[in-house]
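Student: Predicted model, plus sequence, below.
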Amino acid sequence: MFQKILIANRGEIALRVLRACKELGIQTVVVHSTADADAMHVRLADESVCIGPPPSRDSYLNIHQIVAACEITGADAVHPGYGFLSENAKFADILAAHNITFIGPTGDHIRIMGDKIEAKRTAKRLGIPVVPGSDGAVTEDKEAKRIAAVIGYPVIIKASAGGGGRGMKVASSEADLEVALQTARSEAGAAFGDDAVYIEKYLQKPRHIEVQVFGDGAGRGVHFGERDCSLQRRHQKVWEEAPSPALNAEERAHIGGVCARAIADLGYSGAGTIEFLYEDGEFYFIEMNTRLQVEHPVTEAITGIDLVHEQIRVASGGGLSVRQEDIRFHGHAIECRINAEDPRTFTPSPGTITHFHTPGGLGIRVDSGVYSGYKIPPYYDSLIGKLIVHGRNRVECMMRLRRALDEFVVDGIKTTLPLFRDLVGNADIANGDYDIHWLEKYLAEGE
Ligand code: ADP
């Protein structure tokens with residue numbers, strides 16, 4: 001087992017990882033920018049190293065500084081959290097070259113899944129169902145037209161190097177296709193320095209369903225069921241739940257089994273999430289994230305398994321602590337992402353939190369690094385905390401969520417809490433009857 005882990009992140013996830021390390025008796029080092037000197041993870045860690053000024057590229061994305069911090073403190077492993085360097089293959093390679101363990105998959109696996117065309121090709125080869133579309137990049141408009149005619153309109157043009165919902169264009173007819181291709185290529189070139197695009201069928205009312213997987217790097221793979229993350233705004237998840245209200249046990253076991261086998265065949269190591277669009281009973285792979293997800297606590301709630309413990313264990317060579325048959329699902333869990341944003345326009349609202357009171361009681365978990373008097377710096381993501389609620393079934397979970405939202409107090413800044421108070425009272429949400437476009441339509445109607 002590791003002696004000392006360096007946590008290369010900030011905010012709630014740095015604290016989340018720190019808690020797991022403490023439980024396992026592992027020493028912790030955190031790195032931080034000058035803007036985060038007063039952050040909770042810095043206060044609670046055994047050691048901290050300031051690695052630069054506020055902008056992420058000079059601190060949390062500065063590989064040299066982070067490697068230097070490992071060497072100064074003698075950390076033998078790095079947990080990257082999510083975002084920042086968590087899916088940076090070069091970072092994983094550099095750490096390996098310094099004999100420091102990256103708590104995550106190999107650089108090569110990150111590389112494969114970071115290139116969407118390569119990821120889709122790999123998924124297909126491993127028996128994972130994919131969205132019908134081009135086999136690889138499309139360079140000729142004529143070729144694009146031929147493929148679109150076969151799969152049928154509407155189609156979506158996506159950037160191979162894409163991420164964060166950028167570089168995607170929908171074409172509803174052949175007349176739109178040329179412009180869509182051109183725009184997607186130039187956007188992708190400008191945003192990612194790579195203008196390769198591919199084409200796939202555009203699904204009109206899908207749900208976003210993702211499967212949590214783990215591999216031991218030696219040919220074993222397991223799944224921890226799915227999460228439904230269909231409630232999104234601008235492709236950003238807002239509310240996540242497990243299990244999905246749309247799946248039955250048979251579908252869950254089927255898609256979970258497909259994913260676990262794929263992970264085993266790939267020789268994948270650590271945590272991963274295989275994301276699908278789900279429509280009319282069919283799953284369509286869209287991408288794989290090779291890291292811990294923001295929404296992992298809903299899976300922890302229904303399985304009772306600490307996924308960060310599991311990541312650390314696998315990375316240290318201890319293998320998986322569970323077999324597939326040990327992973328059971330209990331009840332229902334929902335996560336609300338509390339952002340420092342206007343609840344209607346989603347404009348960031350940094351500033352000082354004058355009062356912070358979190359709900360408690362059975363089935364309530366709050367993951368947050370903020371406190372009364374904390375000043376939210378304007379440089380980073382606006383997520384300030386996550387409320388995760390667990391109940392014996394979805395109805396109990398929703399009742400408890402409504403109560404917890406009433407107790408939650410964040411004064412001094414705007415947050416997304418009022419949006420969640422509206423959502424718990426909505427009939428479609430109560431029935432679990434929503435797709436990936438539901439929230440955008442709901443917000444547009446309220447304007
Ligand atoms: P990114 O990495 O940029 O987030 P994804 O491939 O994960 O891109 O897709 C992001 C979102 O775009 C999906 O959650 C879904 O809302 C939409 N999307 C992607 N592909 C399709 C498709 N074939 N049909 C319909 N919507 C899609």
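Tutor: Here it is on my side, so go on.

Student: Model confidence at residue 447, what's the number?
Tutor: On pLDDT, residue 447 comes in at 70.

Student: repeat for residue 163
Tutor: pLDDT recorded at residue 163 is 79.

Student: and if you look at the one 10 residues further on?
Tutor: The score at residue 173 is 95. That number is its pLDDT.

Student: ok, now which ones touch it?
Tutor: By Cβ atoms under 8 Å, 6 or more residues apart in numbering, the contact list for residue 173 reads 153-154. Backbone N, C-alpha and C define where each C-beta goes, glycine included.

Student: For residue 386, list each beta-bridge partner.
Tutor: Legend: beta-bridge partners of residue 386 under DSSP bridges are residue 337, residue 367.

Student: what about it, distance to the ligand?
Tutor: Distance from residue 386 to the ligand, counting by Cβ to the nearest ligand atom, to the nearest Å: 19 Å.

Student: same deal with residue 241?
Tutor: To the ligand, residue 241 is 16 Å away according to Cβ to the nearest ligand atom.

Student: That residue: what's it in contact with?
Tutor: 227-228, 298, 332-335, 394, 397.

Student: Would you map the strands across the stretch 51-200 of the chain?
Tutor: Counting by DSSP state E, counting those that start in this stretch, residue ranges of the strands within the stretch 51-200 of the chain are 77-79, 101-102, 155-159, 169-171, 197-201.

Student: Out of those, which one sits most buried?
Tutor: Among the strands of the stretch 51-200 of the chain, strand 77-79 has the highest mean neighbour count (mean count of other Cβ atoms under 10 Å), at a mean of 27.

Student: From the contact counts, what lies against that one?
Tutor: Counting contacts by 3 or more Cβ pairs under 8 Å, 6 or more residues apart in numbering; DSSP states H and E, strand 77-79 packs against strand 4-7, strand 101-102, helix 307-315.

Student: Pull up the pairing partners for it, direction included.
Tutor: Applying DSSP bridges, one finds strand 77-79 paired with strand 4-7 (parallel), strand 101-102 (parallel).

Student: closest to residue 212 out of those strands?
Tutor: strand 101-102 (19.7 Å; Cβ to Cβ).

Student: With distance to residue 242 as added columns, please give the strands of the stretch 51-200 of the chain in CSV.
Tutor: CSV is the format used below for the strands of the stretch 51-200 of the chain (distance: least, Cβ to Cβ, whole Å):
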stretch, distance to residue 242
strand 77-79, 23
strand 101-102, 27
strand 155-159, 27
strand 169-171, 29
strand 197-201, 27
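
Student: thinking again about what came up before, most packed of the helices and strands packed on strand 77-79?
Tutor: Ranked by mean neighbour count, these are led by strand 4-7 with a mean of 25 (mean count of other Cβ under 10 Å).

Student: Other residues contacting that strand?
Tutor: Residues outside strand 4-7 that contact it (Cβ under 8 Å, 6+ apart): 14, 17-18, 21, 26-31, 41, 45-46, 66, 69-70, 73-79, 81, 103, 312.

Student: and the ligand, which of these reach it?
Tutor: By Cβ under 6 Å from any ligand atom, no member of the contacts of strand 4-7 lies near the ligand.

Student: Buried among those? Need that as a selection in ChimeraX.
Tutor: Per 16 or more other Cβ atoms under 10 Å, the buried members of the contacts of strand 4-7 correspond to this ChimeraX selection:
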select :14,17,18,21,26,27,28,29,30,31,41,45,66,69,70,73,75,76,77,78,79,81,103,312
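
Student: now the residue sitting furthest away from the middle of the chain: how far from the ligand?
Tutor: Most distant from the centre of the chain: residue 142, at 36.1 Å, with distances by Cα atoms, centre = their mean. Relative to the ligand, residue 142 is positioned 22 Å away (Cβ to the nearest ligand atom).

Student: Which pLDDT value does the model give that residue?
Tutor: Value listed for residue 142 in the pLDDT field: 95.

Student: Quick one: name the residues of the stretch 251-400 of the chain near the ligand.
Tutor: Residues of the stretch 251-400 of the chain lying close to the ligand (Cβ under 6 Å from any ligand atom) are 275, 277, 286-287.

Student: mind checking how far residue 179 is from residue 186?
Tutor: Residue 179 is 11 Å from residue 186, where distance means Cβ to Cβ, to the nearest Å.

Student: Output the helices and strands packed on strand 77-79 as TSV; include the columns mean pLDDT.
Tutor: Shown next, in TSV, are these (pLDDT from 0 to 100):
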stretch	mean pLDDT
strand 4-7	98
strand 101-102	98
helix 307-315	98
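
Student: Reformat the ones you listed as TSV; add distance to residue 388.
Tutor: Output for the helices and strands packed on strand 77-79, formatted as TSV (distance: least, Cβ to Cβ, whole Å):
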stretch	distance to residue 388
strand 4-7	20
strand 101-102	27
helix 307-315	13
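
Student: Let me see the contact set for the residue in the stretch 101-250 of the chain that the ligand sits nearest to.
Tutor: Proximity to the ligand, evaluated over the stretch 101-250 of the chain using Cβ to the nearest ligand atom, is greatest for residue 203 at 3.9 Å. Residue 203 makes contact with 131, 277, 279, 284, according to Cβ under 8 Å, 6+ apart.

Student: if we can go back for a sec, got a markdown table for the strands paired with strand 77-79, with distance to residue 118 too?
Tutor: Below are the strands paired with strand 77-79 laid out as a markdown table (distance: least, Cβ to Cβ, whole Å):
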| stretch | distance to residue 118 |
| --- | --- |
| strand 4-7 | 30 |
| strand 101-102 | 20 |
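
Student: The ones you listed: which one's closest to residue 340?
Tutor: Of the strands paired with strand 77-79, the one closest to residue 340 (Cβ to Cβ) turns out to be strand 4-7, at 21.8 Å.

Student: Compute the mean per-residue pLDDT across the helix or strand just after the closest one, please.
Tutor: Using DSSP states H and E, the next helix or strand after strand 4-7 towards the C-terminus is helix 11-23. Helix 11-23 shows a mean pLDDT of 98.

Student: so what does helix 11-23 touch, helix or strand wise?
Tutor: The elements that helix 11-23 packs onto, with contact taken as 3+ Cβ pairs under 8 Å, 6+ apart, are strand 4-7, strand 27-33, helix 40-44, helix 307-315, strand 364-368, strand 383-391.

Student: Dig out what residue 170 forms beta bridges with.
Tutor: With DSSP bridges as the criterion, residue 170 is bridged to residue 156.

Student: pretty sure it is touching residue 155, no?
Tutor: Yes: when contacts are counted by Cβ atoms under 8 Å, residue 170 is listed as touching residue 155 (7.3 Å).
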